[in-house]
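Asker: sequence-free structure coming up:
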């Protein structure tokens, strides 16, 4: 009964609290109002003022959030946005870049950062038992921020994310909302699909494609990829993304979270995830036929991605496993593809 009441309170907090409703309704109103560069600049200045006040009044809290931001994962999503923007360049010319596009880029970037911060808050709140074992330095575990303040910050981050997206356009607002919703159902009961092995990691694949389309829509109206390649990439990225659970085996077991590593064990799951990486990287190159010369893909990009996949398999299976090199190599591969596309477009 106590657990049931706790779930009811959490559902009330996240779905019925006036602050959450306010956070959602205001961006919906703003997106229907014509906004120019002046309004966007004013809002950006207000956010700078907010950060200055935050730093002055709650410096330790701000530092805690910055330390907990998961910079490599943030970089992963920014690079998928960059890849989406590079894919779109075949549809536009350099002179089409205007100041409005510049401010939209800034607002979309800020929206993503606050969306990730909100997602971190919700995930950390419900992962306290797991984090006490696997991530003892998280803000709630060390007591750097109390639970009430932490939840309030979550609402503020949600509000700022949605407002920033709404000031760009309705498409970006919709995509950012999907990004937030995906991580919300990933972390929060009663769904909390992070408890479902393999399937839960498709959220990462979905949000990677969301960022691909955000990057694309900042320059050109339309999807970055057709539906079938998008779905296949979601599945592939999701399978490879199981590596993020390798460091949390003990914590996930303590929190009754079923993951691929808790089912197969560290050794067997590493082997399988390594195969996922080795398969994902070379096959993903064939989705780029519309954006790169076929000869370049076959004789340059494909061998390069095979090498990256092989290196990832080695990094995954090494005895002293560390996820940081895996993230770095993954981010480098996305960046390299984006640069290749831009090079061929502008050469």
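Answerer: Received it, and whenever you're ready, just let me know what you need. Predicted, not measured: the structure shown is a model, and the values here were computed from it.
Asker: And the helices in the stretch 151-300 of the chain, which stretches?
Answerer: Counting by DSSP state H, counting those that start in this stretch, one finds helices in the stretch 151-300 of the chain at the ranges 170-187, 202-217, 227-240, 249-254, 260-284, 294-296.
Asker: Pipe those helices into JSON lines and attach mean pLDDT, mean neighbour count and distance to residue 341 per row.
Answerer: C-betas here are computed from N, CA, C, even on glycine. Listed next are the helices of the stretch 151-300 of the chain as JSON lines, based on pLDDT from 0 to 100; neighbours: other CB atoms under 10 Å; distance: least, CB to CB, whole Å:
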{"stretch": "helix 170-187", "mean pLDDT": "93", "mean neighbour count": "20", "distance to residue 341": "21"}
{"stretch": "helix 202-217", "mean pLDDT": "96", "mean neighbour count": "24", "distance to residue 341": "12"}
{"stretch": "helix 227-240", "mean pLDDT": "95", "mean neighbour count": "18", "distance to residue 341": "15"}
{"stretch": "helix 249-254", "mean pLDDT": "84", "mean neighbour count": "17", "distance to residue 341": "37"}
{"stretch": "helix 260-284", "mean pLDDT": "95", "mean neighbour count": "18", "distance to residue 341": "13"}
{"stretch": "helix 294-296", "mean pLDDT": "93", "mean neighbour count": "11", "distance to residue 341": "10"}
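Asker: Format those helices as CSV; extra columns: distance to residue 144.
Answerer: Shown next, in CSV, are those (distance: least, CB to CB, whole Å):
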stretch, distance to residue 144
helix 170-187, 20
helix 202-217, 27
helix 227-240, 32
helix 249-254, 19
helix 260-284, 28
helix 294-296, 49
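Asker: So which of those is nearest residue 48?
Answerer: helix 170-187 (20.3 Å; CB to CB).
Asker: and the closest one, how far from the chain's centre?
Answerer: The chain centroid and the centroid of helix 170-187 are separated by 10 Å under CA atoms, centre = their mean, to the nearest Å.
Asker: what's the answer for stretch 183-193, then?
Answerer: On CA atoms, centre = their mean, the centre of stretch 183-193 falls 15 Å from that of its chain.
Asker: got it, and stretch 272-279?
Answerer: The chain centroid and the centroid of stretch 272-279 are separated by 21 Å under CA atoms, centre = their mean.
Asker: Contacts made by it with the rest, please.
Answerer: With contact meaning CB atoms under 8 Å, 6 or more residues apart in numbering, stretch 272-279 is reached by 236, 239-240, 242-243, 246, 260, 264, 306, 309-310, 312-314, 316-317.
Asker: wouldn't residue 192 be in contact with residue 125 here?
Answerer: No: Residue 192 sits out of contact with residue 125 when judged by CB atoms under 8 Å, with a separation of 11.6 Å.
Asker: hmm, back to that, how about the helices of the stretch 151-300 of the chain, which one is nearest residue 52?
Answerer: Nearest to residue 52 among those is helix 170-187; the distance by CB to CB comes to 24.5 Å.
Asker: which helices and strands sit right next to the closest one?
Answerer: For helix 170-187, the elements it packs on are helix 99-126, helix 147-168, helix 202-217, judged by 3 or more CB pairs under 8 Å, 6 or more residues apart in numbering; DSSP states H and E.
Asker: Any chance of TSV for these, columns distance to residue 82?
Answerer: Converted to TSV, those look like this (distance: least, CB to CB, whole Å):
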stretch	distance to residue 82
helix 99-126	10
helix 147-168	16
helix 202-217	6
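Asker: Mean neighbour count, these: which tops it?
Answerer: Comparing the helices and strands packed on helix 170-187 by mean neighbour count (mean count of other CB atoms under 10 Å), helix 202-217 ranks first with a mean of 24.
Asker: That helix to helix 99-126, inter-axis angle?
Answerer: Here the directions of helix 202-217 and helix 99-126 differ by 170 degrees (axes from the mean of the first three to the mean of the last three CA atoms, to 10 degrees).
Asker: start at 3 instead
Answerer: In the new numbering, first residue 3, that becomes helix 204-219.
Asker: who does helix 204-219 touch, helix- and strand-wise?
Answerer: Using 3+ CB pairs under 8 Å, 6+ apart: helix 204-219 touches helix 73-90, helix 101-128, helix 172-189, helix 229-242.
Asker: Out of those helices, flag the one nearest residue 213.
Answerer: It is, among the helices and strands packed on helix 204-219 and with distance given as CB to CB, helix 73-90, at 4.0 Å.
Asker: What are the contacting residues of stretch 196-207?
Answerer: Residues contacting stretch 196-207 (CB under 8 Å, 6+ apart): 184-185, 187-189, 195, 235-241, 243-244, 246-247, 258-262, 264-265.
Asker: Swap in 6 Å and give it another go.
Answerer: 184, 188, 195, 236, 239-240, 243-244, 259-262, 265 (CB atoms under 6 Å, 6 or more residues apart in numbering).
Asker: Kindly indicate which of those residues lies nearest residue 52.
Answerer: Of the contacts of stretch 196-207, the one sitting nearest to residue 52 (CB to CB) turns out to be residue 184, at 26.1 Å.
Asker: which one is that closest one nearest to, not counting chain neighbours?
Answerer: Nearest in space to residue 184, with sequence neighbours left out and distances taken as CB to CB, 6 or more residues apart in numbering, is residue 205 at 4.9 Å.
Asker: All set, thanks.
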